[in-house]
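Visitor: Return a 3D structure for these sequence lines:
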Amino acid sequence: MNITNEHEVMIFRFDGEYGTTYSVGLSKKKQDGSYEKGYMPCRFKKEVDIPNQTKLFIKSAWLSFNLKDKKTYPYIFINEYKLLDEAINPPKEEKSVKLEDIEITDEDLPF
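Guide: From the prediction side, this is the model:
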(Lines give C-alpha, C1' and ligand atoms only; values in the text may rest on other atoms or scores of the structure.)
Protein backbone atom coordinates (compact mmCIF):
# COMPACT_ATOMS: atom_id res chain seq x y z
CA MET A 1 0.00 0.00 0.00
CA ASN A 2 1.70 3.19 -1.18
CA ILE A 3 1.33 6.43 0.73
CA THR A 4 1.79 9.97 -0.58
CA ASN A 5 0.60 13.20 0.95
CA GLU A 6 0.04 16.70 -0.44
CA HIS A 7 0.06 18.26 3.00
CA GLU A 8 2.92 18.58 5.44
CA VAL A 9 3.18 16.16 8.33
CA MET A 10 5.08 16.50 11.59
CA ILE A 11 7.52 13.83 12.68
CA PHE A 12 8.02 13.25 16.40
CA ARG A 13 11.24 11.67 17.68
CA PHE A 14 11.71 9.73 20.89
CA ASP A 15 15.18 8.71 22.07
CA GLY A 16 14.53 5.81 24.39
CA GLU A 17 16.38 3.05 26.13
CA TYR A 18 16.34 0.84 23.02
CA GLY A 19 17.19 3.52 20.45
CA THR A 20 15.41 6.19 18.48
CA THR A 21 11.80 5.79 17.40
CA TYR A 22 9.67 8.07 15.26
CA SER A 23 5.96 8.68 14.87
CA VAL A 24 3.99 10.77 12.43
CA GLY A 25 1.30 13.13 13.66
CA LEU A 26 -2.11 12.58 12.07
CA SER A 27 -5.31 14.58 12.30
CA LYS A 28 -8.81 14.38 10.92
CA LYS A 29 -11.76 16.71 10.98
CA LYS A 30 -14.73 15.54 13.01
CA GLN A 31 -18.36 16.13 12.11
CA ASP A 32 -18.65 19.02 14.61
CA GLY A 33 -15.75 20.87 12.91
CA SER A 34 -13.11 20.13 15.54
CA TYR A 35 -10.00 18.09 14.84
CA GLU A 36 -9.00 14.77 16.32
CA LYS A 37 -5.26 14.04 16.63
CA GLY A 38 -3.47 10.72 16.58
CA TYR A 39 0.00 9.25 16.05
CA MET A 40 1.34 6.30 14.09
CA PRO A 41 4.82 4.79 14.30
CA CYS A 42 7.03 5.42 11.29
CA ARG A 43 10.48 4.40 10.15
CA PHE A 44 13.11 5.79 7.81
CA LYS A 45 16.20 4.43 6.06
CA LYS A 46 19.03 3.56 8.45
CA GLU A 47 21.20 6.62 7.76
CA VAL A 48 18.37 9.14 8.32
CA ASP A 49 18.45 11.30 11.46
CA ILE A 50 15.34 13.47 11.85
CA PRO A 51 15.09 16.04 14.69
CA ASN A 52 11.97 16.14 16.87
CA GLN A 53 8.95 18.01 15.45
CA THR A 54 10.32 18.17 11.91
CA LYS A 55 7.79 19.12 9.24
CA LEU A 56 8.09 17.35 5.91
CA PHE A 57 6.23 16.26 2.79
CA ILE A 58 6.04 12.51 2.13
CA LYS A 59 7.01 11.70 -1.46
CA SER A 60 7.17 7.90 -1.19
CA ALA A 61 6.06 5.69 1.70
CA TRP A 62 4.20 2.49 2.37
CA LEU A 63 2.40 0.69 5.13
CA SER A 64 4.27 -2.22 6.68
CA PHE A 65 4.15 -4.21 9.92
CA ASN A 66 6.00 -6.39 12.40
CA LEU A 67 4.66 -9.56 14.03
CA LYS A 68 5.37 -10.30 17.67
CA ASP A 69 3.59 -13.05 19.59
CA LYS A 70 1.09 -13.37 16.71
CA LYS A 71 0.13 -9.70 17.10
CA THR A 72 0.47 -7.19 14.24
CA TYR A 73 2.24 -3.86 14.84
CA PRO A 74 1.75 -1.58 11.80
CA TYR A 75 4.04 1.32 10.88
CA ILE A 76 4.65 3.66 7.95
CA PHE A 77 8.01 3.29 6.20
CA ILE A 78 8.94 6.69 4.74
CA ASN A 79 11.30 6.06 1.85
CA GLU A 80 11.47 9.54 0.29
CA TYR A 81 10.53 12.90 1.72
CA LYS A 82 11.17 16.59 1.29
CA LEU A 83 11.75 18.84 4.29
CA LEU A 84 9.38 21.77 4.57
CA ASP A 85 12.26 24.27 4.25
CA GLU A 86 13.46 22.58 1.03
CA ALA A 87 9.96 22.65 -0.44
CA ILE A 88 9.43 26.35 0.32
CA ASN A 89 12.97 27.54 -0.47
CA PRO A 90 14.51 25.11 -2.94
CA PRO A 91 18.31 25.23 -3.07
CA LYS A 92 19.49 27.75 -5.61
CA GLU A 93 21.98 26.83 -8.25
CA GLU A 94 25.23 28.68 -7.84
CA LYS A 95 26.32 30.56 -10.90
CA SER A 96 29.98 31.11 -11.42
CA VAL A 97 31.54 33.63 -13.77
CA LYS A 98 35.09 33.29 -14.94
CA LEU A 99 37.13 36.49 -14.80
CA GLU A 100 38.57 35.83 -18.23
CA ASP A 101 35.02 36.02 -19.64
CA ILE A 102 34.61 39.65 -18.47
CA GLU A 103 35.97 42.47 -20.55
CA ILE A 104 36.38 45.92 -18.93
CA THR A 105 37.09 49.01 -20.98
CA ASP A 106 38.26 52.47 -19.87
CA GLU A 107 34.67 53.74 -20.23
CA ASP A 108 33.47 51.25 -17.56
CA LEU A 109 35.88 52.59 -14.93
CA PRO A 110 34.60 55.33 -12.58
CA PHE A 111 37.92 57.27 -12.50
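
Visitor: beta partners of Ile58?
Guide: Tyr81 (DSSP bridges).

Visitor: where do the helices sit along the chain?
Guide: 84-88 (DSSP state H).

Visitor: where does it dip in pLDDT?
Guide: 86-104, 108-111 (pLDDT under 70).

Visitor: Mind jotting down where the strands sit in it?
Guide: 2-3, 9-16, 19-29, 35-43, 54-68, 71-83 (DSSP state E).

Visitor: would you list those in a markdown table and tack on distance to Glu107 and mean neighbour count?
Guide: No exception for glycine: its C-beta is placed from N, CA and C like everyone else's. Formatted as a markdown table, the strands of the chain follow (distance: least, Cβ to Cβ, whole Å; neighbours: other Cβ atoms under 10 Å):
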| stretch | distance to Glu107 | mean neighbour count |
| --- | --- | --- |
| strand 2-3 | 62 | 12 |
| strand 9-16 | 58 | 14 |
| strand 19-29 | 62 | 14 |
| strand 35-43 | 63 | 13 |
| strand 54-68 | 51 | 14 |
| strand 71-83 | 48 | 14 |
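
Visitor: Against Lys70, how distant is the most centrally placed residue in the chain?
Guide: Nearest to the geometric centre of the chain sits Leu56, at 3.2 Å (Cα atoms, centre = their mean). Separation of Leu56 from Lys70 (Cβ to Cβ, to the nearest Å): 34 Å.

Visitor: how far away is the nearest residue to Arg43 once chain neighbours are set aside from Lys45?
Guide: Closest residue in space to Arg43, ignoring its immediate chain neighbours: Phe77 at 5.1 Å, by Cβ to Cβ, 6 or more residues apart in numbering. Separation of Phe77 from Lys45 (Cβ to Cβ) stands at 9 Å.

Visitor: Appreciated, that's everything.
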